[in-house]
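Undergrad: build me a structure from this.
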Amino acid sequence: MKLHELRDNEGANQKKKRVARGPGSGKGKTAGRGIKGQTSRSGVALNGYEGGQMPLYRRLPKRGFSNPNRLKFAVVNLGQLQGFIDAGKLDAKGAVTADTLLEAGVIRRKLDGVRLLGNGELKAKLDLTVAGASKSAIEAVEKAGGKVTVTTPARQEAAAE
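TA: Predicted structure coming up:
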């Protein structure tokens, strides 16, 4: 096989159908849009309208509840912390707060606080101040000789004042 012998598979390239180009094109006159009405015109906005019939999204039952006051935490695992300490981006000697984690690049934004989870292994002795922590994370930090202080989340503090 040579470069000049290369071809696409049969039917891989199809010409674009040019509508409204006369009766010989097969899509002339109404350009495949039928006759009159909303859908034959440009700027159709049907958006689930079913011609007066009860729309599907209203016929289906509703389930669950979305709490508008739900707190969203920036999640940090122990393995992540150890990785940043090993890389020299996070200082294990000082107090570790949401601000220091943000500066080090462990989290992107503080949200309503930082939640510490127990995935991974922690060898460094850390003094952590977080908005939430799992039991396994607290145990692992204390086992490594550190301390975890759990504060109230940011949004709850603002509501209490």
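
Undergrad: quick one: the helices in this structure, in order.
TA: Applying DSSP state H to the chain gives helices spanning 56-59, 78-86, 98-104, 135-143, 154-160.

Undergrad: how about the shortest one as CSV, C-alpha atoms only?
TA: So the one you mean is helix 56-59. Extracted in CSV, the C-alpha atoms of helix 56-59 (Å, rounded to 0.1, in the frame of the first residue of the first chain):
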residue,chain,number,x,y,z
LEU,A,56,-44.8,14.6,30.8
TYR,A,57,-42.7,16.5,33.4
ARG,A,58,-45.9,17.3,35.3
ARG,A,59,-47.4,13.8,34.9
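
Undergrad: tabulate the helices of the chain (a markdown table), appending distance to Ala45.
TA: In this view, the C-beta of every residue, glycine as well, is placed from N, C-alpha and C. A markdown table is the format used below for the helices of the chain (distance: least, CB to CB, whole Å):
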| stretch | distance to Ala45 |
| --- | --- |
| helix 56-59 | 16 |
| helix 78-86 | 47 |
| helix 98-104 | 43 |
| helix 135-143 | 51 |
| helix 154-160 | 38 |
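
Undergrad: who wins for proximity to Leu116 among those?
TA: helix 135-143 (4.5 Å; CB to CB).

Undergrad: Arg109 contacts Ala74, correct?
TA: Yes - counting by CB atoms under 8 Å, Ala74 is a contact partner of Arg109 at 6.5 Å.

Undergrad: neighbour-wise, which of the two wins?
TA: Set Arg109 next to Ala74 and count neighbours by other CB atoms under 10 Å: Ala74 wins out with 19 against 8.

Undergrad: I figured the more buried one hits Leu111, correct?
TA: Yes - using CB under 8 Å, Ala74 makes contact with Leu111 at a distance of 5.0 Å.

Undergrad: once you drop chain neighbours, what's closest to Leu90?
TA: Phe84 (4.0 Å; CB to CB, 6 or more residues apart in numbering).

Undergrad: pretty sure that neighbour contacts Ile107?
TA: No - assessed by CB under 8 Å, Phe84 is found out of contact with Ile107, at 10.5 Å.

Undergrad: mind checking which of those two has more residues around it?
TA: In this view Phe84 and Ile107 are compared by other CB under 10 Å, and Phe84 has more residues nearby, 20 against 17.

Undergrad: look up how far Asp127 lies from that one.
TA: 15 Å (CB to CB, to the nearest Å).

Undergrad: thanks a lot, catch you later.
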